[in-house]
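[1] build the 3D model from these lines:
(one chain, ligands or ions: 1)
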Amino acid sequence: NTKLTKEWLQNYVDDWVNFYRKHTNEGELASYIPMLQQSNKEHLGITIIGNNGAMIESGDVNIPFTIQSISKVFTFIVACMERGVTYVLDRVDVEPTGEAFNSIMHLEMKQLKKPFNPFINAGAITVTSLLNGKTSDEKLKPLFQLFEEILGYHPPLNVDVFKSEKETSVRNRAIGYYLVELGYLESDLDLTLETYFKQCSIEISLQDLARLGMILANDGEDPKTGLEIIPRQVARLAKALMLTCGMYDASGKFAAYVGIPAKSGVSGGIIAVSPPRARNEELPFINGCGIGVYGPALDQQGNSIAGIRLLRHIAKQWDLSIF
Ligand code: GLN
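    So this is what the prediction gives:
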């Protein structure tokens, strides 16, 4: 394993990005948000940032994209930081559903006390309603502050995607009305949905995803400064949820075959988190790293089709599984 120099890893990643790019034609762009149809199906890129600050990137790494469902990880984190973990977990559970992210089925279950988890839309919209603030901008301010602290800049909103989502939001409105009926929302529905569509429309880069992932890999601490950006307990909880619920109804397979916490979004992004492990101590480039993947061609579950295959390959070859 001592051959894992930066140069070797770079060449390796380049080869496999080129290999898996062929798989993009087996997937489809998300169609229910019209603006996402304008992405290029053939794009595939990956960025890895290690604890030591080194970065490996390959493929289409300079295409900005909207964060979409990956935002659910960070609004959950912010809600826990604002309201406390107990308060949030009293209102949203931590169980995978095995259903699609926008499924409405479980909301009809008679014994349901709260949405199943914060990464399905019902749970994410509930979490967004818990954020402090009377306007969507106020509610999202701490999220942007967290991003700014980690990324060093304030990521922009993609206004076209935001409008596109808002105009085509029938399913999320249906979920929202159910949540109102069940008494789960702590903010007005229109405000909550506007905030939710905005959080999904934040535009980020692969480098951003990798950096966010690296902070989570270190339980919320910046390895460079030693500063705790996210409380350890909250970072760990977020990772447990990513592992069990992060990849929609393919989360079980992802845990089994890739074995690291990850969260995908419908624009084709995936954030993956590889925590440091004692047995990898002599491998500074990958012992503790965040990985961002972008490939907008999606599989049937809505995950980047080539992105998942690339991650699976790399995780296997580099022995990244946490198990
Ligand atoms: N904005 C999208 C939606 O609600 C996010 C979904 C996703 O990335 N899976 O529906």
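[2] for residue 127, the count of nearby residues, please.
    28 (other Cβ atoms under 10 Å). Every C-beta, even on glycine, is put in place using the N, C-alpha and C of the backbone.
[3] helix, strand or coil for it?
    helix (DSSP: H, G, I helix; E, B strand; the rest coil).
[4] need the contact list for it.
    72, 75-76, 79, 88, 91-92, 118 (Cβ atoms under 8 Å, 6 or more residues apart in numbering).
[5] report the separation between it and the ligand.
    To the ligand, residue 127 is 13 Å away according to Cβ to the nearest ligand atom, to the nearest Å.
[6] next: residue 5.
    Residue 5 sits 36 Å away from the ligand, going by Cβ to the nearest ligand atom.
[7] returning to what we had before: now for the contacts of residue 127: which two are most distant?
    72 and 91 (14.5 Å; Cβ to Cβ).
[8] just checking, residue 289 touches residue 213?
    Yes - the pair residue 289 / residue 213 is scored as a contact, 7.4 Å apart, by Cβ atoms under 8 Å.
[9] which neighbours do these two share?
    49, 274.
[10] of residue 72 and residue 91, who's got more company?
    residue 72 (31 against 21).
[11] so for the chain, the centremost residue is which one?
    Centroid-nearest residue in the chain, with Cα atoms, centre = their mean: residue 70, separated by 2.6 Å.
[12] state the pLDDT value of that one.
    If you check residue 70, the pLDDT there is 98.
[13] neighbours around the closest residue to it other than its chain neighbours, how many?
    Once flanking residues are discounted, residue 70 sits nearest to residue 265: 4.4 Å by Cβ to Cβ, 6 or more residues apart in numbering. For residue 265, the neighbour count with other Cβ under 10 Å is 27.
[14] now the one 5 residues further on
    By the other Cβ under 10 Å criterion, the neighbourhood of residue 270 contains 28 residues.
[15] pLDDT weak spots in the stretch 1-150 of the chain?
    Within the stretch 1-150 of the chain, the stretches with pLDDT under 70 are 1-3.
[16] can you pull out the helices in the stretch 1-150 of the chain?
    6-21, 71-83, 85-89, 121-130, 136-151 (DSSP state H, counting those that start in this stretch).
[17] got the angle for the fourth one vs helix 71-83?
    An angle of 40 degrees separates the directions of helix 121-130 and helix 71-83 when computed by axes from the mean of the first three to the mean of the last three Cα atoms, to 10 degrees.
[18] could you do the last one as well?
    Taking the same axes, to 10 degrees, one finds helix 136-151 and helix 71-83 inclined to each other by 100 degrees.
[19] list the residues that contact residue 246.
    Neighbours of residue 246 in contact, by Cβ under 8 Å, 6+ apart: 73, 119, 254, 261-264.
[20] SS state for residue 270?
    strand.
[21] so in terms of bridging, what pairs with the residue lying closest to residue 10 once chain neighbours are set aside?
    Of all residues not flanking residue 10 in the chain, residue 56 sits nearest, at 5.4 Å (Cβ to Cβ, 6+ apart). Counting by DSSP bridges, residue 56 is bridged to residue 48.
[22] residues in contact with residue 56?
    Counted by Cβ under 8 Å, 6+ apart, residue 56 has contacts 6, 9-10, 13, 47-48, 50, 285.
[23] farthest-separated two in those?
    6 and 47 (13.8 Å).
[24] of those two, which one has the most company?
    residue 47 (24 against 14).
[25] test my guess that that one contacts residue 212.
    No - counting by Cβ under 8 Å, residue 47 does not reach residue 212; the two are 11.1 Å apart.
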